[in-house]
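In: here is a sequence with its predicted model. Questions after.
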Amino acid sequence: MNDDIGLPISHWRRLWLYCVGALVLSFLIVPSLIIVPMSFSGSTLLRFPPESWSLRWYEAYFQSVEWRDATIVSLKAAVLTTVFATPIGTAAAYALNSGALRLAGFINVVLTASLIIPVILIGIGTFFLYARLGLNNTLTGLVLAHTVQAVPLVVLTVLSGFRSYDMNQERVARSLGAGRFSAFWQVTMPQIRFSIVSGALFAFITSFDEVVVSLFISGGETTTLTRRMFSALRDQIDPTIAAISTCLIVLSIVLLSAAQLFGRRR
C-alpha cells in the first residue's frame, strides 16, 4: 500500500514541472525582450547586442507623420472594436449560459469558428466580400472584421465568469419586480464585471495587434500600424520597428496590469 496516497505533493517533486514551465516561458518571452535593447541602438541596422545607445529611433517614430497616422488608425479601430465586440460577446455569453437556446452548442461553434479557421483564409474571404460591398480600405470595414475576430474571445472570457456565478440571484431579482435588463445591470454585471473587462481588454489587443486581415483590407489612409510595420520589414530593415515593438510591449503590460489591479480591487 502506498503511504503517499492522500498526502500533498511537495514542491521538490514538482521541480521538473517548474523547470519545464520556465523553459517554455523563456522560449516565448526572451525573443520579445531582445527587441527592447535593440530599440535603443544607435546603429542603422537591427543588431544585438547594440554597439551604441541612442533614442533616435523613438524620435523617428514619434516625429513621423506616417507612423503617427497609422497609430491613430489602429487606436480608432481598436477602441471601436472594443465598443462593439464587448456588448455583443457579453450578450452572446449570457444567452449561451442561460440554457434557453436549443442550438446553444451549434451557436457556440459558429461564434468560435474564427479561432479555428486559419486567419489568412478569413483575410481572403473578407477581402472578396468587401470588394463587392466597397468596404476595402475603410475604417468601417476594418472595425467589422476585427469585431468578428474579437467577439469569440469576449464570449469565452465572459462565459468563464458566468460559470462561477449563480443565476438564481438574477431570477430572485426578477421575481421581485426587476426587468431582465435591470436585473442583469444591477445584480449580474457587478459580479462578472472582471470577466467583462478582461474580454474588452482581449478585444482591444486583438484589434490593435492584428496584421493578417489588415494586410488584405486596409490601405491608404486606413493603413494600420501593424500593416505599416510589416511593409517596413519587407522593404527595409528599419530599427524604428524595434522602437514601435517596445512601445507595444509596454502597452500590453500596462493593460494587463490594469486588468489585474481591477480584479484585485473587486
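Out: Now that the structure is in, tell me what you want to look at. If you're wondering where the values come from, they're calculated on a predicted model, not measured in any experiment.
In: pull the longest helix from the protein.
Out: helix 65-98 (DSSP state H).
In: buried set for that helix?
Out: Buried residues in helix 65-98, counted by 16 or more other CB atoms under 10 Å: 67, 70-71, 73-74, 76-78, 80-82, 84-86, 88-90, 92-94, 96-97. From N, CA and C alone the C-beta is placed, and that goes for glycine too.
In: rounded mean pLDDT for that helix, please.
Out: When pLDDT is averaged along helix 65-98, the result is 89.
In: tell me the angle of the helix or strand just after it relative to helix 65-98?
Out: Per DSSP states H and E, the first helix or strand lying C-terminal to helix 65-98 is helix 104-111. Here the directions of helix 104-111 and helix 65-98 differ by 170 degrees (axes from the mean of the first three to the mean of the last three CA atoms, to 10 degrees).
In: please identify the buried residues of helix 104-111?
Out: Quick answer for helix 104-111 (16+ other CB under 10 Å): N108, L111.
In: list of residues touching that helix?
Out: Helix 104-111 is contacted from outside by A92, A95, L96, L101, V151, P152, V155, using CB atoms under 8 Å, 6 or more residues apart in numbering.
In: would you confirm that the last one contacts A93?
Out: In this case it means V155. Yes - if you go by CB atoms under 8 Å, V155 and A93 touch, sitting 4.9 Å apart.
In: I'd like the distance between R228 and I88.
Out: R228 sits at a distance of 28 Å from I88 (criterion: CB to CB, to the nearest Å).
In: could you do L215 as well?
Out: 25 Å.
In: likewise for A113?
Out: Taken as CB to CB, the span from A113 to I88 is 15 Å.
In: and for A232?
Out: 34 Å.
In: ditto for N108
Out: 14 Å.
In: go on, L156?
Out: L156 is 13 Å from I88, by CB to CB.
In: and A183, by the same measure?
Out: 20 Å.
In: likewise for A200?
Out: 11 Å.
In: shared neighbours of the two, which are they?
Out: Joint contacts of A200 and I88 (CB under 8 Å, 6+ apart) are V154.
In: L129 - how many residues pack around it?
Out: Per other CB atoms under 10 Å, the neighbour tally for L129 reads 15.
In: equivalent analysis for G177, please.
Out: G177: 8 neighbours (other CB under 10 Å).
In: make 5 the first number, not 1, from now on.
Out: Let's use 5 as the start, then, which means that last one is G181.
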